[in-house]
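Asks: 3D model of this:
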Amino acid sequence: MQTHTQFDVIIVGGSFAGLAAGMALGRALRKVLIIDSGNPCNKQTPYSHNFMTQDGMPPQEISTIARQQVEKYPTVRLMSGMAVTISKTRTGFKLLTKANEIFTSKKLVFATGIKDILPDIPGLADCWGISVLHCPYCHGYEVKGQKTGILGNGDYGFEFSSLIANWTNDLTLYTNGKSTLTDAQILKLKDHKIKIIEEELLQLDHSNGYVHSIILKNGRKAPVKALYTRTPFMQHCGIPELLGCKLTTEGYIQVDNSYKTTIPGVFACGDNSSRMRTVANAVAAGTITGMMVNKELIEDSFLSLKKSKMKIIIVGATGTMGTHLAGVFEKEHEVIKAASHGGDIQVDITSTESIKYFFKQVGTFDALISTAGPTYVGPWKTLTEKEFRKGVEGKMMGQINLVLIGQHYIKPKGSFTLISGALTYEPQLNFANASAANGAVDAFVRAAAIELGNGIRINAVSPTVIENSPQYFPYFPGDIPVTMQQLEYGFRKSVFGANTGQIIKPY
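Replies: Numbers count the residues shown, from 1 in each chain. Next comes the predicted model:
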């Protein structure tokens, strides 16, 4: 069964950037989901550096402390999982997880990192982040003055060699094949006593990720304590591109100074959008991103001066009536579309447990419209108790339970609008079950209106056959079908008017 929960912000990626963004948003009282698959690119790195108060700490320990601190904010939820799809909705975004869970949000943050594409050299992947390094500012101090190699060629190999020479005088450039250095570059490297080896690499000899030597294809062993290389990379998560986020020519997610991507409402921070692959930079970027997301949420709700929106639930939102009403009301209000299949949230109104779970997911709301309720259609001669219960459990008790359970979640002065029908007053052949259910719903509405407190209103809309259901025209001879506009007026009168206990006939 799919679950569905709404958040102000969903953060995809729960390493340093994602956690920092989550903390900033939690401190801003935002309801936040951080979803993480538990596969950071620094998972092999034994120690992290250049991060004040945590210098020399294992990144996993820093991350554990960070998670514990973020979890102290009650509006922030951390969960393990994998996002498989994200789609845009009218009010924000909808995320589907690998476990078939659905979450929605107003804003979206990608803190998904990148994935290194390592050379196919046996032993190199085992040493990556331990003794095969990409950044001297992160790890250079620990291997200063030691025998060091650089895997690179051409301009990149020359420039990287000049950088690493700051940390050691015992430096060798391994071009892994014929050199593409210029004559001037070769002379400059030799001036600095940087050796150049063109033989291809066969493998790395190491112990638990700590390299001892480079084994060349000619059989020679070249002792080293560290090897630097810069590898190509790809985005760890392909969803940002599928959503429309543009990448830079280097392959990073394109963001502006506020960490906004090219898609409105979508932000990105950390390694997926920056060359600066450090814990400190990821935390800084995540913190700023959280602030910028909150700022945009404030502008959307507080500074826009738009008319206050209602949170309206439409049960039966995938049917003929529900689809039309959802399209009308969502132009001005937040609409939660619920149905037994499809919609934003699934609910089976014949099951009280399903209804209870549904309201727990939705939380508080301003208005509920029901256009749902199965009944039995068939001749009197074939009507049995089992078939009759279809209308009792569906259209009658299903809608009654929406009110009985929903009254604990509806806001003061909210409204319930149920659906009955003209069959209560004008019975037709084959509709004994529907006539009885409609009559029961009408009676319940009149009685409940007397006792519902906190200014909560309840009405029923009672149409005859509607124009968009021509398959039912033969059952209602002589009736003029209700137009969708008339139906809309009936529901508007119930939701936005002052009436309660009324059976509204939109014809």
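Asks: in this structure, which residue is most central in space?
Replies: Among the residues of the chain, the one closest to the centroid is residue 95, at 4.1 Å (C-alpha atoms, centre = their mean).
Asks: what's near enough to touch residue 32?
Replies: Counting by C-beta atoms under 8 Å, 6 or more residues apart in numbering, residue 32 touches 7-11, 22, 25-26, 75-77. From N, CA and C alone the C-beta is placed, and that goes for glycine too.
Asks: okay, it: pLDDT?
Replies: Note for residue 32: predicted pLDDT of 96.
Asks: how far away from the center of its chain is the lowest-mean-pLDDT helix or strand in the chain?
Replies: When each helix and strand of the chain is scored by mean pLDDT, DSSP states H and E, helix 385-391 comes last, with a mean of 78. In terms of C-alpha atoms, centre = their mean, to the nearest Å, the centre of helix 385-391 is found 41 Å from the chain centre.
Asks: repeat that for stretch 327-345.
Replies: Counting by C-alpha atoms, centre = their mean, stretch 327-345 is centred 18 Å from the centre of its parent chain.
Asks: could you dump that stretch to CSV, C-alpha only?
Replies: Output of stretch 327-345 as CSV, limited to C-alpha atoms (Å, rounded to 0.1, in the frame of the first residue of the first chain):
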residue,chain,number,x,y,z
GLY,A,327,-9.6,21.2,-11.7
VAL,A,328,-11.8,24.1,-10.6
PHE,A,329,-10.8,24.4,-6.9
GLU,A,330,-7.1,23.9,-7.4
LYS,A,331,-6.9,27.1,-9.3
GLU,A,332,-7.3,29.0,-6.0
HIS,A,333,-6.8,26.5,-3.3
GLU,A,334,-4.6,23.6,-2.2
VAL,A,335,-6.5,20.5,-3.3
ILE,A,336,-5.7,17.0,-1.9
LYS,A,337,-7.1,14.5,-4.5
ALA,A,338,-8.1,11.2,-2.9
ALA,A,339,-9.5,8.1,-4.5
SER,A,340,-9.4,4.3,-4.2
HIS,A,341,-7.0,4.3,-7.1
GLY,A,342,-4.9,7.1,-8.4
GLY,A,343,-5.1,10.7,-7.1
ASP,A,344,-2.6,12.1,-4.6
ILE,A,345,-3.6,9.7,-1.8
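Asks: give the buried residues for the helix or strand harbouring residue 242.
Replies: Assigning secondary structure by DSSP states H and E places residue 242 in helix 239-243. By neighbour count on 16 or more other C-beta atoms under 10 Å, the buried set for helix 239-243 is 239-240, 243.
Asks: touching that helix from outside, list them.
Replies: The contact list for helix 239-243 (C-beta under 8 Å, 6+ apart) reads 12, 83, 85-88, 110, 112, 235, 247, 253, 261, 263, 266, 268, 272.
Asks: may I ask which of these has the most neighbours?
Replies: Using other C-beta atoms under 10 Å as the neighbour test, the contacts of helix 239-243 are led by residue 110, with 32 neighbours.
Asks: how close does the residue lying closest to that one once chain neighbours are set aside sit to residue 259?
Replies: Nearest residue to residue 110 in three dimensions, chain neighbours excluded: residue 268, at 4.4 Å (C-beta to C-beta, 6 or more residues apart in numbering). Between residue 268 and residue 259 the computed distance is 6 Å (C-beta to C-beta, to the nearest Å).
Asks: repeat that for residue 455.
Replies: Plainly put, residue 455 is 43 Å away from residue 259 if you go by C-beta to C-beta.
Asks: those two: which has the busier surroundings?
Replies: residue 259 (27 against 11).
Asks: so what's the residue nearest to residue 110 up against?
Replies: Taking C-beta under 8 Å, 6+ apart, one finds 109-112, 240, 245, 253, 255, 259, 261, 289 in contact with residue 268.
Asks: give me the common contacts of residue 268 and residue 259.
Replies: residue 289.
Asks: how about the residue in the chain sticking out farthest from the centre, phi and psi?
Replies: Seen from the C-alpha centroid of the chain, the residue lying at the greatest distance (C-alpha atoms, centre = their mean) is residue 191, 54.4 Å away. Main-chain torsions, residue 191, degrees, to the nearest 10: phi -60, psi -30.
Asks: let's have the chain start at 14 instead
Replies: All right, first residue 14 from here; so that's residue 204.
Asks: looks like residue 414 contacts residue 362 (just checking).
Replies: Yes: the pair residue 414 / residue 362 is scored as a contact, 6.9 Å apart, by C-beta atoms under 8 Å.
Asks: show me where the stretch 114-263 of the chain has its helices.
Replies: Applying DSSP state H, counting those that start in this stretch to the stretch 114-263 of the chain gives helices spanning 137-140, 149-152, 167-177, 196-204, 252-256.
Asks: lowest average pLDDT across those?
Replies: Ranked by mean pLDDT, these bottom out at helix 149-152, with a mean of 92.
Asks: may I see the buried residues of that helix?
Replies: Buried residues in helix 149-152, counting neighbours by 16+ other C-beta under 10 Å, are found at 149, 151-152.
Asks: need these in TSV with distance to residue 419, can you?
Replies: Shown next, in TSV, are the buried residues of helix 149-152 (distance: C-beta to C-beta, whole Å):
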residue	distance to residue 419
149	61
151	54
152	58
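Asks: of those, which is the nearest to residue 508?
Replies: Comparing the buried residues of helix 149-152 against residue 508 with C-beta to C-beta places residue 151 closest, at 58.2 Å.
Asks: gap between the closest residue to the closest one other than its chain neighbours and residue 69?
Replies: The shortest distance from residue 151 to any non-neighbouring residue, by C-beta to C-beta, 6+ apart, is to residue 62 (5.7 Å). According to C-beta to C-beta, residue 62 and residue 69 sit 6 Å apart.
Asks: and those two? Which one has more around it.
Replies: Using other C-beta under 10 Å as the criterion, residue 62 and residue 69 rank with residue 62 on top: 19 against 10.
Asks: list the contacts of that one.
Replies: 68-69, 150-152, 154-155.
Asks: pop out the phi and psi values for it.
Replies: phi -140, psi 170.
Asks: what's next to the least confident helix or strand of the chain, contact-wise?
Replies: By C-beta under 8 Å, 6+ apart, helix 398-404 touches 386-389, 391, 446-447, 449-450.
Asks: using neighbour counts, trim those residues to the buried set.
Replies: Buried residues within these, counting neighbours by 16+ other C-beta under 10 Å: 386-389, 446-447, 449-450.
Asks: secondary structure element for residue 361?
Replies: Using DSSP H and E, residue 361 sits within no helix or strand.
Asks: can you tell me which residues contact it?
Replies: Counted by C-beta under 8 Å, 6+ apart, residue 361 has contacts 353, 367-368.
Asks: how near is it to residue 92?
Replies: Between residue 361 and residue 92 the computed distance is 25 Å (C-beta to C-beta).
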